[in-house]
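Chemist: Got a predicted structure here, sequence first:
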Amino acid sequence: MGHPLRSTAAMAAAVVMTGTGVAAASAQSTEEPPVAADAASSLVFNEIESNGDTTDWAELYNTGEEPIDLSGFHFRDDDDDHDYVLPEGSVIEPGGFFVIDQPLDGEAGFDFGLGDPDAARLFAADGSTLLASTSWQEHAEVTYARCPDGAGELRQTTASTKGEANDCSLPLAINEVSAGEEGFVELINIGSWDAELEGTELNSLATGETVDSQNLSGTLAAGERTVVEGLEVASAEAVELVQDGETALDAADWSEAGSAAVTETSWGRCPDGDGAFEQTREATVGAINSCAGIAPVESWPGGADVAVADEADLVGEDLSGLYHQSGEDDSTGTLWAVENDGGTLFQLTEHEDGTWRPVEGWAAGRTLGYPDHEGTVDAEGVTMDGEGAVYAASERDNDAGSVSRPSVLRYELGGGDGETLTATDEWNLAEDFEGLGANQGLEGVTWVPDEWLTEAGFVDQSTGAAYDPAAYPDHNDGLFVVGVEGTGSIYAYALGVDGSAERIATIEPSLDVVAEVQFDAERDQLWAACDDACDGRITTLTVDDTGAFAEESSYQRPEGMENLANEGFAIAAADQCTDGTVPTFYADDGDEGDHSLRTGTFPCPDSDDSDDSDDSGKPESPGRSGQAPGHTGEAPGHSGDAPGRSGDAPGRSGEAPGRSGQAPGHARD
């Protein structure tokens with residue numbers, strides 16, 4: 001889930017680019033291009049976008065001195081059955097770029113996706129002569145590109161440069177500057193690859209003149225910080241970071257705030273890495289910045305150890321959302337999990353050896369389908385409402401992987417092992433997130449009961465008044481809270497049985513990516529989890545005095561757990577309390593070590609360790625964390641029995657998502 005310093009370029013599909021301009025691929029060359037035989041030594045794949053931000057695409061570069069006619073050439077991934085023939089008039093100029101794209105804005109393009117691992121291959125018009133190829137093992141956070149263009153190995157980039165010269169700048173940002181007793185400048189690697197600092201320098205400036213300068217060296221690992229000491233800052237008003245003496249990577253300027261910003265505390269980014277600079281509450285050398293409105297990051301208050309909780313290859317890669325449902329008669333309950341590649345729902349129970357395995361009849365799970373039976377649901381999150389119906393959050397239809405379809409889908413349990421559950425309803429929120437990338441949609445979903453919201457004093461942001469459930473008839477007796485990958489934000493919706501979707505609130509955690517959300521009535525809070533994009537950090541949010549959800553605590557991942565691609569998180573209810581702790585669960589999308597599920601511990605919500613007591617002062621409701629009604633194999637009928645209206649969500653059309661709709665580069669299937 002990366003965050004480029006510069007916005008991703010948006011260009012049309014398949015273009016021919018010269019040194020001075022861009023022309024449509026259908027334009028005819030006035031000169032006779034060379035034959036295909038010359039292409040083998042002149043064409044290279046120059047940049048690859050495979051993570052589905054808007055579209056997947058591959059960029060060619062012509063290292064030769066003559067234009068090359070690509071008409072009729074074949075583009076394939078690692079599957080020979082995935083074959084796209086380039087249209088007539090496809091010409092690449094010497095030193096030029098040519099983008100082979102998926103369909104976009106009515107233009108032609110290839111109709112298959114680029115996965116991980118995968119490859120890009122270009123064949124001559126005969127379909128068998130290989131002219132250029134490259135491969136990769138996993139998606140790039142942003143793109144893979146050659147530096148300089150046409151030469152060198154493909155490596156991760158800081159920013160996408162579709163159809164343009166590659167951005168070979170380092171993914172470095174100035175994160176904090178202080179001139180206190182221990183003056184320092186803190187740098188952070190905001191990319192997903194290690195950055196060599198040789199050739200970079202830090203300069204402190206006053207009225208545009210250099211006050212001091214330091215050359216840097218060494219390697220800064222992805223996501224890591226380094227502290228530079230000894231640079232004169234107290235008499236300066238800005239610091240800049242420069243690569244190779246000419247490329248400005250970043251700058252921090254406190255001239256308008258005054259010298260107190262760096263002498264009394266520090267001048268830091270809030271949140272770290274990509275936030276705006278402001279004066280911090282205190283200098284935090286080598287640690288997460290102390291910012292107003294952002295909870296300081298604490299050590300995980302639960303157990304340090306995290307154990308593998310599944311048998312090898314439970315589902316392979318792509319396990320995503322989790323939801324824990326309490327059991328009966330002292331059982332450890334049910335763990336619901338969704339897998340996003342095939343769109344599968346699993347029902348797991350704990351065995352004597354501590355592993356969680358599918359219950360009888362669920363070895364292959366249940367395939368999740370759309371109301372119209374077409375497509376493959378990219379299931380990323382799962383929850384239950386107060387009546388035991390299951391809801392899944394999805395980014396897209398995997399059969400149309402280049403099209404955003406951020407949906408919440410409702411299912412009634414039943415069917416046999418491996419059979420398809422057809423959604424009774426779909427709420428497609430695409431109109432509410434115009435410009436959202438196809439792989440940047442809903443990552444998590446949780447149901448919050450109306451009774452809890454009203455008792456908590458929750459305010460409806462759409463009206464500015466106290467939340468009134470009666471204003472939204474037939475909306476499943478609660479709000480659905482979703483986490484959106486591409487905006488890093490959380491949204492609360494009233495989802496009507498008539499297919500309507502009304503946004504009630506926008507919630508801004510300090511996480512770069514929201515990979516999971518969970519409601520926890522026993523602790524009166526929401527959990528929001530990030531994956532490896534921010535080192536597995538998890539935050540909690542509560543309804544504050546203004547009636548809005550505000551960040552209360554922010555935790556590091558458990559010390560004993562690696563920085564895994566944990567896209568799912570769940571915490572068991574108080575009735576699972578044993579020896580002062582309840583279980584926590586983590587779903588690793590990357591299946592590290594052939595295991596996708598891990599478990600740890602967190603303190604029980606009640607100091608007396610009782611099973612069911614609730615000292616919060618808030619009402620007990622069927623939405624308490626993990627306390628949906630017991631599963632009997634069939635969920636009760638859907639209130640109102642109204643069919644879902646696929647794609648018919650009336651969101652606030654034209655209203656771009658948070659952060660101006662610019663999704664960060666991080667994406668996983």
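Modeler: Structure received.
Chemist: Now do the same contact list for A257.
Modeler: Residues in contact with A257 (CB atoms under 8 Å, 6 or more residues apart in numbering) are 267, 279. For the C-beta atoms, the positions are set from N, CA and C on the backbone; glycine is no exception.
Chemist: That one sits in which helix or strand?
Modeler: A257 belongs to no helix or strand when elements are defined using DSSP states H and E.
Chemist: cool, and the one 5 residues further on?
Modeler: Here V262, judged by DSSP H and E, is contained in helix 260-263.
Chemist: And the average pLDDT for that helix is what?
Modeler: Confidence over helix 260-263 (mean pLDDT, whole number) is 95.
Chemist: got it, and stretch 205-218?
Modeler: On average, stretch 205-218 scores 95.
Chemist: Please name the bridge partners of the nearest residue to L564 once chain neighbours are set aside.
Modeler: The spatial neighbour of L564 that comes closest, neighbours along the chain excluded (CB to CB, 6 or more residues apart in numbering), is D588 at 4.6 Å. According to DSSP bridges, the residues that bridge with D588 are N566.
Chemist: before we move on, what about F602?
Modeler: The bridge-partner assignment for F602, based on DSSP bridges, gives V582.
Chemist: so who does it touch?
Modeler: By CB under 8 Å, 6+ apart, the contact list for F602 reads 301-303, 571, 581-584.
Chemist: for I507, same thing?
Modeler: Applying CB under 8 Å, 6+ apart, we find I507 in contact with 481, 489-492, 526, 541, 548-549.
Chemist: With G163 as the reference, measure out to P94.
Modeler: P94 sits 16 Å away from G163, going by CB to CB, to the nearest Å.
Chemist: Oops, could you answer that again for D101 instead?
Modeler: Using CB to CB, D101 is found at 9 Å from G163.
Chemist: what's the answer for V177, then?
Modeler: If you measure V177 against G163 using CB to CB, the figure is 36 Å.
Chemist: more crowded one of these two?
Modeler: V177 (29 against 22; other CB atoms under 10 Å).
Chemist: thinking that one is in contact with W254, fair?
Modeler: Yes - A contact is recorded between V177 and W254 when judged using CB atoms under 8 Å, the distance being 7.4 Å.
Chemist: per-residue confidence averaged over stretch 83-93?
Modeler: pLDDT averaged over stretch 83-93 equals 96, rounded to a whole number.
Chemist: Could you give the bridge partners of the nearest residue to E298 once chain neighbours are set aside?
Modeler: Once flanking residues are discounted, E298 sits nearest to Y555: 5.7 Å by CB to CB, 6+ apart. Y555 has these beta-bridge partners by DSSP bridges: E298, I538.
Chemist: quick one: Y555 from D341, how far?
Modeler: Y555 sits 29 Å away from D341, taking CB to CB as the criterion.
Chemist: any idea which helix is longest in this structure?
Modeler: For the chain, the helix that runs over the most residues, judged by DSSP state H, is helix 450-456.
Chemist: ok, back up a step: only whichever of the contacts of I507 are buried, select them in ChimeraX.
Modeler: To isolate in ChimeraX the members of the contacts of I507 that are buried, counting by 16 or more other CB atoms under 10 Å, one can use:
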select :481,489,490,491,492,526,541,548,549
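Chemist: Just the ones of the contacts of I507 in strands?
Modeler: 481, 489-492, 526, 541, 549 (DSSP state E).
Chemist: quick revisit: check what contacts the helix holding V262 and list those residues.
Modeler: Residues outside helix 260-263 that contact it (CB under 8 Å, 6+ apart): 177-180, 233-234, 254, 267, 279.
Chemist: And the next helix or strand past the worst-scoring helix or strand of the chain on mean pLDDT?
Modeler: Sorting the helices and strands of the chain by mean pLDDT, DSSP states H and E puts strand 22-24 at the bottom, at a mean of 29. Elements were assigned by DSSP H and E; along the chain past strand 22-24, the next helix or strand is strand 43-49.
Chemist: My understanding was that D167 contacts D149; is that so?
Modeler: No - in this structure, D167 is not within contact of D149 by CB under 8 Å, at 10.5 Å.
Chemist: Run through the bridge partners of Q525.
Modeler: For Q525, the beta-bridge partners are D520 (DSSP bridges).
Chemist: Surely it is in contact with D544?
Modeler: No - with contact defined as CB under 8 Å, Q525 does not count as touching D544 (11.3 Å).
Chemist: In terms of neighbours, single out the busier of these two.
Modeler: Neighbours per residue, other CB under 10 Å: of Q525 and D544, the larger number sits with Q525, 22 against 14.
Chemist: check contacts around that one.
Modeler: Listed by CB under 8 Å, 6+ apart, the contact set of Q525 reads 540-542, 552.
Chemist: need the ones in strands among the contacts of I507 in CSV with pLDDT and distance to T207, can you?
Modeler: Conversion of the ones in strands among the contacts of I507 to CSV gives the following (pLDDT from 0 to 100; distance: CB to CB, whole Å):
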residue, pLDDT, distance to T207
V481, 98, 49
S489, 95, 39
I490, 98, 43
Y491, 98, 45
A492, 98, 48
L526, 98, 47
L541, 97, 43
F549, 97, 44
